[in-house]
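turn this into a structure:
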Amino acid sequence: MHDVNGLFEGLGLQFVPKHRSLSGVLTDNELAALGDAFVNFVYSLALSLREGKPTGRKLSNFTLASALRKSGLRKLLPFRMDRHRQANAVEAVIVYAWLIGALSLREILQVMSTSEDIEGALEALLHEIVQKIGTPQPKT
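This next block holds a predicted model:
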């Protein structure tokens with residue numbers, strides 16, 4: 001674990017919302033906006049490490065939504081949710097885990113760069129996040 005607030009000493013991260021449930025994190029659109037940039041940065045960095053040269057890529061909504069379904073977290077979201085919003089949920093939970101210090105950038109990179117199967121790597125990362133931040137509560 002790491003202390004993100006220590007990384008940004010004096011700035012504070014008061015904007016990080018306090019969520020009572022994982023489903024609250026998954027549906028936080030503001031976290032998803034930040035998560036979009038963060039997840040694509042981490043993905044690009046993992047590819048750069050694996051390929052040995054700078055690489056910039058974006059993950060598709062299809063890939064992110066597929067990883068969400070495979071991880072079992074899709075059941076925490078409302079029934080009628082399109083692929084874009086499912087991808088947003090993945091981005092929100094990954095950046096949230098980093099912001100609260102549940103996973104370091106190094107830990108996220110280790111999971112993301114272990115396999116060329118990005119969906120499988122994302123699924124493993126989502127399982128790791130659930131393990132670190134708590135048991136998911138079904139949406140009621």
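
just give the nearest non-adjacent residue to Ser44, would you?
Gly56 (4.8 Å; C-beta to C-beta, 6 or more residues apart in numbering). C-beta here means a position set from N, CA and C on the backbone, and glycine is covered the same way.

again, but for Arg57
Ser44 (5.4 Å).

which SSE is immediately downstream of the helix or strand hosting that neighbour?
In the assignment (DSSP states H and E), Ser44 maps to helix 29-51. Sequence-wise, the next helix or strand downstream of helix 29-51 (DSSP H and E) is helix 61-71.

show me the shaky parts of this protein.
Applying pLDDT under 70 to the chain flags the ranges 1-17, 19-20, 135-140.

which residue is nearest the middle of it?
The structure's the chain has its C-alpha centroid closest to Ile94; by C-alpha atoms, centre = their mean the separation is 1.7 Å.

what does it show for phi and psi?
Torsion angles at Ile94 (phi, psi; degrees, to the nearest 10) stand at phi -70, psi -50.

how near is it to Arg80?
Remark: distance between Ile94 and Arg80 (C-beta to C-beta, to the nearest Å) = 23 Å.

do the same with Val130
23 Å.

which one of the two has more residues nearby?
Val130 (19 against 6; other C-beta atoms under 10 Å).
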